[in-house]
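Just need the structure, nothing else, for what follows:
(one chain, ligands or ions: 2)
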Amino acid sequence: MLFVPADSERKLAKATDAAADALILDLEDSVQPERKALARGLARDYLQNHARGTSLWIRVNDLRSGELLKDLAAVVSARPAGIVLPKILGPEDVQTVANYLDALEESGGIAAASIAILALVTETPAAVLRLGEFVRAPAARLAAISWGAEDLSSALGAGNPRLPNGAWRPTYEYARSQCILAAHALAIEAIDTVYVDFRDTAGLRLACEASRHDGFTGRFAIHPDQVPVINRAFTPTAADLSLARRIVQAFDSGAGVVSIDGKMYDIPHLKAARRLLISPQNR
Ligand code: COA
Ligand code: MG
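Residues are numbered from 1 along each chain as shown. Ligands and ions are numbered 1, 2, ... in the order given. Below you'll find the model as predicted:
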């Protein structure tokens, strides 16, 4: 999912060829207050004038910014695939935006509940502590969640969220893990945060490999050059797929546990293999 500042015609044009699965046209923190109106207009034009091979999302301003209703009013009738909602305090923020979307879909003649929400669930301390509430009462429309360290660090009055060796400090590692667990408990997408050092593709590749193994299902990009690196890292390899097919076949015999090339595989491995093969192009 590639972020594109929506006030930049140049970046909007460039984004079309980036081969990202999704674009997030940003109206929030990459756009200065005096350019929000311009950005809304350009985002709306982009939605209206681009075919949807790529899914098109809009990051709106947060509920307390005074900008959110203007954002939604400008873009919803142009049918974005979804809304990226920043800086939530808890599940009621997602519910409030879902209610706004109910009304705007109705007035725009758009199918009910067709616009999804991706919530940024770790940008305020309250949101991190309340993440489990989504699991107790899943929010309709919530299709994905993501986390971020920068806004949380600012909310904590803290410094660099990373340790000198590059690892996340414990508070951010905790927020990141909570995000992964909540996404899987809800069976929705777990999207890893931005990798800000956008010239360091080797570092991004390593970070994406870790992220996929940790359970993220995709990642935000901030620069077109990051897109192929992320896509490669999150696409199962031919070897991954071939092993998954062998595991599924081995269980066809009705056994509860099997051995392949000297290794044991039981039901959790079968589930993981089936999950990998679930999309038609991987079968
Ligand atoms: N989407 C689309 N195009 C982008 C882009 C993006 N996110 N980032 C850069 N480009 C374009 C540039 O406009 C430039 O195009 P050009 O050759 O037509 O001028 C080309 O890609 C190369 O860009 P480059 O010079 O390497 O980077 P930059 O210095 O222009 O921009 C950033 C660097 C970080 C400012 C820019 O990548 C950016 O704006 N990223 C998104 C930031 C954002 O949305 N943040 C919010 C989420 S955290
Ligand atoms: Mg932010």
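
Which residues are in contact with the closest residue to ligand 1 within the stretch 51-200 of the chain?
At 4.8 Å from ligand 1, Val194 is the closest residue in the stretch 51-200 of the chain, using Cβ to the nearest ligand atom. Every C-beta, even on glycine, is put in place using the N, C-alpha and C of the backbone. Each residue near Val194 by Cβ atoms under 8 Å, 6 or more residues apart in numbering is listed here: Phe3, Gly148, Phe220, Ala221, Ile222.

The last one: what's it in contact with?
Right, Ile222. Leu2, Phe3, Val194, Tyr195, Val196, Phe198.

Ok, the first one next?
Residues touching Phe3, when contacts are defined by Cβ under 8 Å, 6+ apart, comprise Ile24, Asp26, Ser30, Arg59, Val194, Phe220, Ala221, Ile222.

Secondary structure, distance to Arg275 and pLDDT added to those, as JSON lines?
Listed next are those as JSON lines, based on DSSP: H, G, I helix; E, B strand; the rest coil; distance: Cβ to Cβ, whole Å; pLDDT from 0 to 100:
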{"residue": "Ile24", "secondary structure": "strand", "distance to Arg275": "26", "pLDDT": "98"}
{"residue": "Asp26", "secondary structure": "strand", "distance to Arg275": "31", "pLDDT": "98"}
{"residue": "Ser30", "secondary structure": "coil", "distance to Arg275": "34", "pLDDT": "98"}
{"residue": "Arg59", "secondary structure": "strand", "distance to Arg275": "29", "pLDDT": "98"}
{"residue": "Val194", "secondary structure": "coil", "distance to Arg275": "26", "pLDDT": "97"}
{"residue": "Phe220", "secondary structure": "coil", "distance to Arg275": "23", "pLDDT": "98"}
{"residue": "Ala221", "secondary structure": "strand", "distance to Arg275": "24", "pLDDT": "98"}
{"residue": "Ile222", "secondary structure": "coil", "distance to Arg275": "29", "pLDDT": "98"}
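
Can you pull the poorly scored residue ranges out of the stretch 151-283 of the chain?
The model of the stretch 151-283 of the chain has pLDDT under 70 over residues 280-281, 283.

Looking at the contacts of Ile222, which one is closest to Arg162?
Within the contacts of Ile222, the smallest distance to Arg162 is 10.5 Å, found for Val196 (Cβ to Cβ).

quick one: the strands in the stretch 51-200 of the chain?
55-59, 82-85, 116-120, 142-146, 189-192 (DSSP state E, counting those that start in this stretch).

wait, which of those strands is closest to Ser259?
strand 189-192 (31.3 Å).

Note down every partner strand of the closest one and its orientation.
In the sheet, strand 189-192 lines up against strand 142-146 (parallel), strand 218-219 (parallel) (DSSP bridges).

Name the residues of this structure found near ligand 1, please.
The chain has residues 2-5, 10-11, 14-15, 26, 29-30, 194, 198, 222-224 near ligand 1, with proximity defined as Cβ under 6 Å from any ligand atom.

Now for those residues, which sits with the most neighbours around it?
Val4 (27 neighbours; other Cβ atoms under 10 Å).

Look at that residue and give its secondary structure.
strand (DSSP: H, G, I helix; E, B strand; the rest coil).

Run through the residues that contact it.
Lys11, Leu12, Ala15, Leu23, Ile24, Leu25, Asp26.

Mind listing the residues bridging to it?
Assigned bridge partners for Val4, using DSSP bridges, are Leu25.

got it, and Lys263?
With DSSP bridges as the rule, Lys263 is bridged to Ile260.

Look up how far Ala250 lies from it.
11 Å (Cβ to Cβ, to the nearest Å).

Same drill for these two, tell me which one is more crowded.
With neighbours defined as other Cβ under 10 Å, Lys263 and Ala250 compare such that Ala250 has more, 17 against 9.

Is that one in contact with Tyr265, as I believe?
Yes: using Cβ atoms under 8 Å, Ala250 is in contact with Tyr265, at 7.0 Å.

joint contacts of those two?
Joint contacts of Ala250 and Tyr265 (Cβ under 8 Å, 6+ apart) are Val258.

between the strands paired with strand 189-192, which one is nearest to Leu120?
Closest among the strands paired with strand 189-192, once you apply Cβ to Cβ, is strand 142-146, at 5.6 Å.

and the gap between the closest residue to ligand 2 within the stretch 51-200 of the chain and Ser114?
Closest residue of the stretch 51-200 of the chain to ligand 2, Cβ to the ion: Asp151 (4.5 Å). As for Asp151, its distance to Ser114 is 29 Å (criterion: Cβ to Cβ).
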